[in-house]
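**Q** here is my input; please provide its structure:
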Amino acid sequence: MRTFIDVTARPEIDERLLDEAEAWHSALELGDADWDGYTAWLEADSLHREAFDAVVLTHRIVDERVGNLGMPAPIEQPAAIAPPVSHRRWVYGAVAATVALGVGISTLWLRPADTVYSSSQQEYRQLALGSGIAVDLAPASRLVVIGGNATTLELAQGEAVFTVAHDPGRGLAIKAGEYVVGDIGTTFSVNLSAHSVKVGVAEGRLTVAADGGDATAVSAGQQVIAPRSGGSVHLSQIAPPDIGSWRQGRLVYSDTPLAVVAADISRYSGKAIEVDPAIGSQSFSGVLTIGDGSKLLASLADIAGLTYEETGNHARLGAGPAR
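**A** Presented below is the predicted three-dimensional model:
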């Protein structure tokens, strides 16, 4: 499902809806999250999306900027990470209104605010961020616009395809894990999993650099895969049409570690997938049809000659039988 952002009307989000959004926000952090239930709730009313985005944004701002909130800490206990209960709904309501209007919330905290875009397991969102930057946000993904500046972004979860108009006077920096992707005009994807960062270039040229490290130049038809926390960068070839192939219902891999493939399958299937460390770095090349996500793991095991075991909402991927 494609979701287009409409910021022309101010939503009316009540306390009941904010409570539901907060409950789902907490539930999705659990390993056995009910993604089907979350998706159904999200699609039941357009206001549900606005309320959830407001909750996500509020949590992020409070976590990172509690010292600048200007709200007194409760007496007789240390300052809490979250604002006092009496302030919480006021904060959510104000954030929800500003998110819906597409403006920053610097009027609340007297400094630029981040804007958070997230997608459910079975949708992707198309975003126009300004400055000639368009984004296709993959399912179960999250993108942060730092300080409301469309040229300073962070992929906090999942995958996104970026289409950037060429402008030598405008730079772009996208943080993913411990890496920063730099670009002045191209089409590329960034994929962030629990352990890895993958960047593929369909058009143009960009750089990928870890904090304090040398930049790696990546051109059209190339991809880099590196440990999320920093380390050696692996550069390989990929067909440009295969970048962002999830938009056509396929996951196409070229020389990609199984751990990265399993992380993608986890997002689309809603299952927590553990990969045997003995095969996590083993490369996989092939095509998986997404469908509803339920058959991805079986397809991978069949193509790569692997075994897997499922227990409820968890699965373990292991080496195949000896030949």
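**Q** all helices of the stretch 101-250 of the chain, in order?
**A** For the stretch 101-250 of the chain, the helices defined by DSSP state H, counting those that start in this stretch occupy 106-109.
**Q** return the set of buried residues in stretch 243-258.
**A** Neighbour-count burial for stretch 243-258 flags 243-246, 251-254, 256-258 (criterion: 16 or more other Cβ atoms under 10 Å). For glycine as for every other residue, the C-beta is placed from the backbone atoms N, C-alpha and C.
**Q** what's the closest of those to K198?
**A** Among these, T256 lies closest to K198 (Cβ to Cβ), at 7.2 Å.
**Q** quick one: contacts for the residue lying closest to D276 once chain neighbours are set aside?
**A** Nearest non-adjacent residue to D276, counting by Cβ to Cβ, 6 or more residues apart in numbering: G318, 4.4 Å away. G318 makes contacts with 276, 279, 306-309, as judged by Cβ atoms under 8 Å, 6 or more residues apart in numbering.
**Q** same deal with N191?
**A** Contacts of N191 by Cβ under 8 Å, 6+ apart are 158-159, 197-200, 260, 264.
**Q** let's go with 6 Å and repeat that
**A** Listed by Cβ atoms under 6 Å, 6 or more residues apart in numbering, the contact set of N191 reads 159, 198.
**Q** how far away is it from R228?
**A** Look at N191 and R228: by Cβ to Cβ, to the nearest Å, they are 11 Å apart.
**Q** and E43, how far from R49?
**A** Distance from E43 to R49, by Cβ to Cβ: 9 Å.
**Q** so between those two, which is more surrounded?
**A** A count of neighbours by other Cβ atoms under 10 Å puts R49 above the other of E43 and R49, at 22 against 15.
**Q** host element of that one?
**A** Using DSSP states H and E, R49 sits within helix 46-65.
**Q** and the closest residue to Y38 other than its chain neighbours, backbone torsions?
**A** Nearest non-adjacent residue to Y38, counting by Cβ to Cβ, 6+ apart: W24, 5.5 Å away. Main-chain dihedrals, W24, degrees, to the nearest 10: phi -70, psi -40.
**Q** chain center to stretch 314-323, what's the gap?
**A** 28 Å (Cα atoms, centre = their mean, to the nearest Å).
**Q** over to stretch 302-320?
**A** How far stretch 302-320 lies from its chain's middle: 25 Å, per Cα atoms, centre = their mean.
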